[in-house]
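Peer 1: Provided below for reference: sequence and predicted model.
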Amino acid sequence: MWKIPLTIFMTVLLTLLLFGAGYIFHLFQEAGHTMKQINVNDDQASAGENSSSPQQLRGHGPISIFITGIDSRTDNTGLSDVIMVLSIHPEKESTLLFNIPRDTQVAIPDRQQPEKINHAYHDGGTALVQQIVEQKLEHSFDLTVELDMQGFIELVDILGGIEVDNAFAFSERNVTHTKTHFFDKGIIHLDGERALDYVRMRKKDPRGDLGRNERQRQILTALMQKTASMQTLVNVQQFLPLAENHIKTNAAMEDVNILFSEYRHTVGDVKTFEMQGTPDTQNGTSYYLISDKEWHKAALRLRNHQKDE
């Protein structure tokens with residue numbers, strides 16, 4: 001199974017679902033059955049007591065979305081390899097985005113010792129992962145999105161690829177080890193396959209996982225801004241089956257309609273930050289240690305972004 005950085009898959013899916021341009025609204029009306037099939041209000045991706053169409057969304061106020069990207073195999077006990085927080089404030093015309101590193105050490109209910117946060121998905125699905133993050137950030141999320149890793153290349157290609165400013169030249173073998181992609185320094189164009197390898201690279205980056213996370217956020221921002229600027233989404237019909245098969249959300253059709261009409265303009269200003277921590281090895285297992293002070297700083301940034309001016 002591929003270890004695809006699901007941040008990117010999440011980005012394409014979310015931007016198409018929430019910020020898609022042109023005729024996507026009409027297509028979703030025609031394909032309402034798809035949204036119903038992927039809606040999981042009563043499933044594990046609906047954590048807490050949040051209902052779809054939260055009051056903030058109905059009132060066009062700031063909303064927060066909890067996102068997990070799942071490395072699921074043939075069963076339902078995968079790992080949440082991407083954990084992301086998205087805050088959208090329409091009046092500020094601003095979006096805040098940050099991720100919780102998958103190796104972050106946390107206390108997981110009913111486990112005798114702290115574990116990596118992505119292991120919580122094995123015990124209680126997205127609901128448990130969200131519960132832990134909500135406790136750490138002292139914040140309840142309005143919407144929840146859970147994604148698996150399939151369809152990444154096709155989704156990037158649906159958008160026609162993206163351009164990014166690569167900080168340094170490097171090469172990376174593809175997931176099947178049948179091809180090597182070369183990435184020059186500077187502005188480069190990435191189709192789906194190259195985008196996958198661009199964000200997979202870790203060992204040649206002096207910052208390791210942190211450098212890879214930075215490239216993920218870079219591509220995420222580029223995808224959101226490109227989608228928001230598009231007047232039409234060619235081949236959107238290709239996206240609907242992928243959404244049906246690879247996304248779970250407690251967002252109702254009404255939520256998507258409101259997000260499409262009232263929140264799309266916020267992606268022009270995307271702010272990101274990196275949670276600071278310390279790599280550590282315990283009993284042969286690598287962890288990322290985030291202090292209570294750093295969790296508090298992240299909580300404060302999220303709280304301030306959600307506040308009205």
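Peer 2: Cool, got the structure.
Peer 1: pLDDT on stretch 292-309, on average?
Peer 2: Per-residue pLDDT over stretch 292-309 has a mean of 94.
Peer 1: that stretch: which residues count as buried?
Peer 2: Across stretch 292-309, burial judged by 16 or more other Cβ atoms under 10 Å covers Trp295, Ala298, Arg301, Leu302, His305, Gln306. In this view, the C-beta of every residue, glycine as well, is placed from N, C-alpha and C.
Peer 1: okay, now the nearest residue to the last one once chain neighbours are set aside: neighbour count?
Peer 2: With Cβ to Cβ, 6 or more residues apart in numbering as the criterion, Gln306 has its nearest non-adjacent residue at 4.6 Å, and that residue is Pro62. Around Pro62 there are 22 other residues, counting by other Cβ atoms under 10 Å.
Peer 1: kindly provide the distance from Pro62 to Thr144.
Peer 2: Distance of Pro62 to Thr144, given as Cβ to Cβ, to the nearest Å: 17 Å.
Peer 1: and what of Tyr288?
Peer 2: Tyr288 is 23 Å from Thr144, by Cβ to Cβ.
Peer 1: so the two - more neighbours on which side?
Peer 2: Higher neighbour count among Tyr288 and Thr144: Thr144, with 27 against 20, using other Cβ under 10 Å.
Peer 1: show me the helices in the protein, by range?
Peer 2: 6-19, 24-30, 32-38, 55-58, 120-137, 152-158, 192-200, 209-229, 236-246, 253-262, 292-306 (DSSP state H).
Peer 1: who does the longest strand belonging to the chain pair with, and is each partner parallel or antiparallel?
Peer 2: In the chain, taking DSSP state E as the definition, the longest strand is strand 79-89. Here strand 79-89 has these sheet partners by DSSP bridges: strand 63-71 (antiparallel), strand 94-99 (antiparallel).
Peer 1: on that earlier part again, so what's the residue nearest to Gln306 up against?
Peer 2: Gln56, Ser87, Ile88, His89, Pro90, Glu91, Lys92, His305, Gln306, Lys307, Asp308 (Cβ atoms under 8 Å, 6 or more residues apart in numbering).
Peer 1: could these go into CSV alongside distance to Tyr198?
Peer 2: What follows is those, written out as CSV (distance: Cβ to Cβ, whole Å):
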residue, distance to Tyr198
Gln56, 35
Ser87, 26
Ile88, 26
His89, 29
Pro90, 31
Glu91, 34
Lys92, 30
His305, 28
Gln306, 32
Lys307, 35
Asp308, 37
